[in-house]
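A.B. asks: I'd like to go over a predicted model; first the sequence, then the structure.
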Amino acid sequence: MRNAIDRLVEDLIQESMSKGDFDNLPGKGKPLKHTLHNPYIDSVTQKLNEVLINNGFTPDWIQLEKEIRSEKIRLKSRLEEIRSQFGKQPLSESDSSKWASETSNLRDDVSQLNSKINKYNLLVPVLLKQMVHFRLQTEAAKILESGKFKLDSRCKDFNVNKKPNDYPPNASGLRGFFDMFSDMFRG
C-alpha cells in the first residue's frame, strides 16, 4: 500500500514538472534559506529566539563565560607578574614566604571567580560546557616552575635573543664560547 502511494505522488510530481507548474515559483534559481530549527522547541519560542539574537541579546551564561575567561587570563597574568619579581628556582626562604604572601593576596579574586563559575555551571544548558574551579595553588605552582624570573643584577645586559653565531669570530676564526658568556656577566 505504501509503495502505491509513493508511486502515485511521484507520478503527480513528474506530471506537474512536465507541464511547467514549478517554473514560476518565487525564489527559483536562488539558494534556499537555511534556518536552524530545534525540533525540541515550539515555533513561537524559535521565533522569539530569532528576534532576541537579531537584536544583539546574548544569554547570561555566554556573558558569564566571557567574564570568566578574561578573569582567568588576568589572574594568570598577575601571577606571572609576581613571579617575575623573584629569582630562579629554588627560591630562598624569604622569597618563598613573599611568594606565598603575594599569591594568598589573590584569594579573594579567586573566590569571586569561582562564584561566577558556580553560577555559570547552573545556567549553562550543555553539561559539556561546564567549568571547573580555578585552583590558585595549582596555577601558582605551574607559574613558579615555568614562569619568567628576575635575572641576577650581574646578568642585566645579557641578551637572550642573541645566538652564538651573532658573536664575531676570534683569532682562530671560531666564534668565541666565552664571548657569549661575557655579555651575561658584564658590569
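C.D. replies: Structure's in. What do you need?

A.B. asks: show me where the chain has helices.
C.D. replies: 2-19, 43-54, 60-83, 93-104, 107-123, 136-146, 177-184 (DSSP state H).

A.B. asks: ok, which of the ones you listed comes nearest Q130?
C.D. replies: Closest approach to Q130 among the helices of the chain (CB to CB): helix 107-123, 4.7 Å. For the C-beta atoms, the positions are set from N, CA and C on the backbone; glycine is no exception.

A.B. asks: ok, back up a step: with L25 as the reference, name the closest of the helices of the chain.
C.D. replies: Here helix 2-19 is closest among these (CB to CB), at 11.3 Å.

A.B. asks: pLDDT of stretch 26-34, averaged?
C.D. replies: Average pLDDT, stretch 26-34: 79.

A.B. asks: that stretch spans what distance, first to last residue?
C.D. replies: End-to-end distance for stretch 26-34, by CA to CA, to the nearest Å: 16 Å.

A.B. asks: tell me who's in contact with the residue nearest to I68 when sequence neighbours are not counted.
C.D. replies: Residue nearest to I68 in three dimensions, not counting chain neighbours: K116, with 5.4 Å by CB to CB, 6 or more residues apart in numbering. Residues counted as contacts of K116 (CB atoms under 8 Å, 6 or more residues apart in numbering) are 64, 67-68, 71.

A.B. asks: I'd like to know how far L91 sits from K76.
C.D. replies: Between L91 and K76 the computed distance is 19 Å (CB to CB, to the nearest Å).

A.B. asks: cool, L106 as well?
C.D. replies: Distance from L106 to K76, by CB to CB: 10 Å.

A.B. asks: where does this protein dip in pLDDT?
C.D. replies: The chain contains residues with pLDDT under 70 at 147, 149-187.

A.B. asks: most centrally placed residue in it?
C.D. replies: R69 (7.0 Å; CA atoms, centre = their mean).

A.B. asks: how near is the residue lying closest to E71 once chain neighbours are set aside to I68?
C.D. replies: Spatial nearest neighbour of E71, excluding adjacent residues (CB to CB, 6+ apart): L113 at 5.0 Å. Taking CB to CB as the measure, L113 and I68 are separated by 7 Å.

A.B. asks: repeat that for S84.
C.D. replies: 25 Å.
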